[in-house]
Structures are given as C-alpha cells and as structure tokens.
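**Q** sequence first, then the predicted structure, then my questions.
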Amino acid sequence: MAPKVLIVLTSQRTIPSTGNPTGWYLPEFAHPHNVMKDKVEMTVASPQGGDAQVDPSSIKMFENDPTSTTFLNTQQSLWTNTHKLAEMVPKVGEFDAIFYVGGHGPMFDLTSDPTSLALIQSFAAAKKPIAAVCHGPCALLNATAPSGIPLLSSATVTGFSNDEENQVGMMSAMPFALETELNRVSGGGYVKADQPWGEKVVVSKVAGTGSTLITGQNPASATGVGVELVKALGLTP
C-alpha cells in the first residue's frame, strides 16, 4: 500500500498591506507532486478548506516550465476542493508524512494557525517526516516538539532568504523576515545556498523525537524536497 502524504496549502488570498493577490506558489507544489505522484497517495488540506488559491504571479513566472504548466492544467481538483485542516486532526494516524507548500500566503495564516501547529506536533510525536519548501517553513516557527521546546530547536533548516525576499521587493509587505526568524528559533541553524535562487535542501531531525525534518529554500529546491520526502518514506525516488 502506498504511503499517504498530507499536503498543506495556504488559504490566504491577498497580501494584507497591499491587497494584491497571493496564495501558494505553483512550482512548489507542481514539482514535488511530479516526484511523488506515482509513489504516494496525497490528500490536500488548507485552513479554510475549499478553493486554495494559487498565486497568479507564479503562474506567469513559470509559464515556460512544462512541469508547472502540465500540473496547472491537469490537476486543478487537488486545490479547488481542499479538505479543512481541522478535519485532518483526528486522521493523523492515517498519514505517513506532512508537507507544506510555499508562497507568500503561508506567512499570514499558517505561521500561527492552531490546527496546523497541533498537526505538526502530532506528526513529530509519531516520528513521521515533516517537510516544507520556500515560505512553507514559516509553519514550523511556532510549532513545538512533544517536550514543549520549539520544534526547530538545534535543527538545521532553510527557507526563503532575506536576499531573495528583498530581490522580489516583498520584504516590507511581510509580517517578519523568514530567514531571520528561522535562524532565531533554530538557535543559529539556518543555512542557504551560496547564491540567491540556488537550490538548497536540508534534511535534519526534530528535537527529541528523531522525526525527519526536510526543508527547501526556494522554488529551485522544490524537486529536491520531494525527492528527500520520498526517501524518508523508505521509497526510491
């Protein structure tokens, strides 16, 4: 029987300070999906359930990426009718891993969503892999390990860098700088690629549980996160 992965998308549809549309970032779901589609069973959830908006700017930015365009045109049912996160809490035992897709949206809802934080702690307590890419690791900042300490304590972790945020001109619209907070909560464990937009995927452990923690820095890291998640589930990528 194929392992089951819970995919979490943001429900945020606009940037509060600008009113511009946001959501989850297309290649950061498309590429891991491409890696996992024939190997795992995926269930997609979001805080509000229903239609989880893909960031329109990511559609434009990756219009020449065949993996992203094929996914966009053939897999819409995955995100137009997502489950509510709250419905997943009693079903944690059915899943083998959890994966947070990035985009600017998660910074506004998944960082502090109590249901999401409870899910992460449940996966950590059960020693199940936890993965996130780009801005997705913001969902881990306030999560705790079963012992009560921050989930990221002493972990090596990555996520969208301050340089990258500044280069896309979004730092002032963000509630916090992701790199700065990931480095603070992990106790200096943040790492990144040598150059902005370079691939960086990090496999670490959740404090006190042995649960595998997989993070990717940016869109270029999305495939690698999918590969490492498949490996963590004991499968061949």
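**A** That came through, no problem.

**Q** which stretch of helix or strand covers the nearest residue to residue 223 once chain neighbours are set aside?
**A** Spatially, and ignoring its direct neighbours in sequence, residue 223 is nearest to residue 31 (4.4 Å; Cβ to Cβ, 6 or more residues apart in numbering). C-beta here means a position set from N, CA and C on the backbone, and glycine is covered the same way. Element membership for residue 31 (DSSP states H and E) is helix 26-36.

**Q** ok, residue 70 next?
**A** Residue 70 belongs to helix 66-74, assigned by DSSP H and E.

**Q** distance between whichever helix or strand comes after that helix and the chain's centre?
**A** Going down the chain from helix 66-74, the next helix or strand is helix 77-80, by DSSP H and E. In this view, helix 77-80 has its centroid 17 Å away from the chain centroid, taken as Cα atoms, centre = their mean, to the nearest Å.

**Q** could you count how many residues lie near residue 70?
**A** By other Cβ atoms under 10 Å, 12 other residues sit near residue 70.

**Q** for residue 37, see how far away it is.
**A** Per Cβ to Cβ, to the nearest Å, residue 70 is found 11 Å from residue 37.

**Q** equivalent analysis for residue 177, please.
**A** Counting by Cβ to Cβ, the gap from residue 177 to residue 37 is 34 Å.

**Q** those two - which one has more neighbours?
**A** Neighbour count, other Cβ under 10 Å: between residue 177 and residue 37, residue 177 has more, with 16 against 13.

**Q** got the contact list for residue 80?
**A** Residues near residue 80 by Cβ atoms under 8 Å, 6 or more residues apart in numbering: 50-52.

**Q** 10 Å - rerun?
**A** Residue 80 makes contacts with 44, 50-54, as judged by Cβ atoms under 10 Å, 6 or more residues apart in numbering.

**Q** go on, residue 1?
**A** residue 41.

**Q** and the pLDDT at it?
**A** pLDDT recorded at residue 1 is 89.

**Q** any chance you could map the strands in this protein?
**A** Using DSSP state E, the strands of the chain run over 4-8, 41-46, 83-84, 97-100, 130-133, 201-205, 212-216.

**Q** nearest to residue 232, out of these?
**A** strand 212-216 (4.5 Å; Cβ to Cβ).
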